[in-house]
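Novice: return atomic coordinates for the entry below.
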Amino acid sequence: MKRGVRTVIILFAVVAVVAVGGYLGYTRFAEQEGEGPGFLAFLSRAGGAGRGGPEDDGEQMFAVPVAVTAAVRQSVQESLALYGSVFAEKEVGIPTSVGGKITEIKAEAGDFVEKDQVLAVIDRDQAGLKFAPVEVESTIAGVVKSVLTQEGAAVNPGVPLFQIVDMDVVEVRVDVPEKRIAEVRIGQPVEISVVSYPDRVFHGTINSLSPVLDPASRSRETRIRVVNRGYQLKPGMFAEASIVLRRRDDAVTIPLAALIDKEGSRAAFVIEGEVAREVRPKIAFVQGETAVIEAGIAEGELVAVVGQQSLSDGDAVTVAEVKE
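Specialist: Here you go, the predicted model:
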């Protein structure tokens, strides 16, 4: 027999043995499982393994894991945060009404002075003439910001010798953008923060609104009056002003993270048992990381805050974590 024919016969025999062995093995497997032979039945069993059945709940296997938190009722406020600087509400220069020479200075920078307190004495004598000394007095009570002269200096009428600031009350000046000016009015409460006192909040009220807008910045200068107990707020400080636009003492709130953009509006998913229900809540306003709910979500309802991007209405879910 030729070598090529012998090789073909051997290969055919090997294939036949493998085929018979596979069939016998499958027949034994089918008998153990209580199924008759049949290739479609075998494929059905192999392909369906782990996808559900009498002992495998398919809904549980495909449930979306989510983290949830409860809607809570609390006091909230909507604020407009702006940045500005601290100014003295009153700052005056103290001049002399006569010319002469400073013979005595009675106040230094940083001193507190009363109204009508003597700050300096001027000798206005001239050659061959004797005049009574003239006292320079403060026209307001406050703190000496700067001394603009010195003993022995010659002074002229009308030239400021001292700068006095009233530190009892200060102003924080901020610029309100044009698109927000309708929300700001005189008398609104304002919370003031400065970097020098990071753990303290100062309270003031809006007492002045510019009648015109700055044409360059399209903003309206707004002045906030703050009672400055202890003189902790100092002119020149950088300040953050949070203008309180509205307050709610009994509002239902959820984390802003619970809301997703969907079809041009905001949606959230309320978890009821093991099912996600899509809602389109009415939002009163958003402050920081909190959304204030007008309607659509009730106090105590659980909303998804992680995993909600993968949800659709009616999806099965597994609550993996409850966040406080």
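
Novice: sheet partners, orientation included, of the host helix or strand of Asp168?
Specialist: Element membership for Asp168 (DSSP states H and E) is strand 160-177. Applying DSSP bridges to the sheet, strand 160-177 is found paired with strand 72-95 (antiparallel), strand 142-147 (antiparallel), strand 219-227 (antiparallel).

Novice: using CSV, lay out those strands together with distance to Arg173.
Specialist: Placement of C-beta: from N, CA and C, glycine included. Shown next, in CSV, are these (distance: least, C-beta to C-beta, whole Å):
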stretch, distance to Arg173
strand 72-95, 5
strand 142-147, 18
strand 219-227, 5
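
Novice: rounded mean pLDDT for the strand holding Asp168, please.
Specialist: Strand 160-177 shows a mean pLDDT of 95.

Novice: distance from the chain centre to it, please.
Specialist: 29 Å (C-alpha atoms, centre = their mean, to the nearest Å).

Novice: using PDB, write down the CA coordinates of that strand.
Specialist: Extracted in PDB, the C-alpha atoms of strand 160-177 (Å, rounded to 0.1, in the frame of the first residue of the first chain):
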ATOM      1  CA  PRO A 160      -4.500 117.600  56.600                       C
ATOM      2  CA  LEU A 161      -2.300 116.700  59.600                       C
ATOM      3  CA  PHE A 162      -4.000 113.500  60.800                       C
ATOM      4  CA  GLN A 163      -6.200 110.800  59.200                       C
ATOM      5  CA  ILE A 164      -8.900 109.500  61.500                       C
ATOM      6  CA  VAL A 165     -11.100 106.400  60.800                       C
ATOM      7  CA  ASP A 166     -14.200 105.400  62.600                       C
ATOM      8  CA  MET A 167     -13.800 101.700  63.400                       C
ATOM      9  CA  ASP A 168     -17.100 101.100  65.200                       C
ATOM     10  CA  VAL A 169     -18.800 100.500  61.900                       C
ATOM     11  CA  VAL A 170     -17.200  99.400  58.600                       C
ATOM     12  CA  GLU A 171     -18.400  98.800  55.100                       C
ATOM     13  CA  VAL A 172     -17.800  95.900  52.800                       C
ATOM     14  CA  ARG A 173     -18.000  96.900  49.200                       C
ATOM     15  CA  VAL A 174     -18.800  94.400  46.500                       C
ATOM     16  CA  ASP A 175     -19.900  94.500  42.900                       C
ATOM     17  CA  VAL A 176     -23.200  92.700  42.000                       C
ATOM     18  CA  PRO A 177     -23.300  91.400  38.400                       C
END
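
Novice: mind giving me the packing neighbours of the helix or strand just after that strand?
Specialist: Using DSSP H and E, the next helix or strand after strand 160-177 towards the C-terminus is strand 189-194. Counting by 3 or more C-beta pairs under 8 Å, 6 or more residues apart in numbering; DSSP states H and E, the packing neighbours recorded for strand 189-194 are strand 202-209, strand 219-227, strand 238-255.

Novice: nearest to Tyr83, of those strands?
Specialist: Comparing those by their distance to Tyr83 (C-beta to C-beta), the top pick is strand 238-255, with 5.6 Å.

Novice: need the contact partners of whichever helix or strand comes after the closest one.
Specialist: Downstream of strand 238-255, the first helix or strand assigned by DSSP H and E is strand 260-262. When contacts are defined by C-beta atoms under 8 Å, 6 or more residues apart in numbering, strand 260-262 is touched by residues 266-268, 308-309.

Novice: one more: stretch 185-193?
Specialist: Stretch 185-193 is contacted by residues 79, 172, 200-209, 224, 226, 233, 239-245 when judged by C-beta under 8 Å, 6+ apart.

Novice: again, 7 Å this time
Specialist: With C-beta atoms under 7 Å, 6 or more residues apart in numbering as the test, stretch 185-193 has contacts from 172, 201-207, 209, 224, 226, 239-244.

Novice: do stretch 224-241 as well
Specialist: Applying C-beta under 7 Å, 6+ apart, the external contacts of stretch 224-241 come out as 81-89, 165, 167-172, 174, 190, 192-197, 202, 204-207.

Novice: of those residues, buried ones?
Specialist: Listed as buried from the contacts of stretch 224-241 are 82, 84, 86-89, 165, 167, 170-172, 174, 190, 192-194, 202, 204, 206-207; burial here means 16 or more other C-beta atoms under 10 Å.

Novice: show me the shaky parts of the chain.
Specialist: Scanning the chain for pLDDT under 70 picks out 1-61.

Novice: per the record, what domains does it have?
Specialist: Taking automatic domain parsing as the criterion, the chain consists of the domains 3-49, 64-76+249-323, 79-86+168-247, 97-158.

Novice: buried residues, stretch 262-274. List them.
Specialist: Residues 266-271 are the ones in stretch 262-274 that count as buried (16+ other C-beta under 10 Å).

Novice: my error: substitute stretch 253-261 in the last question.
Specialist: Buried-residue list, stretch 253-261, by 16+ other C-beta under 10 Å: 253-255, 257-259.
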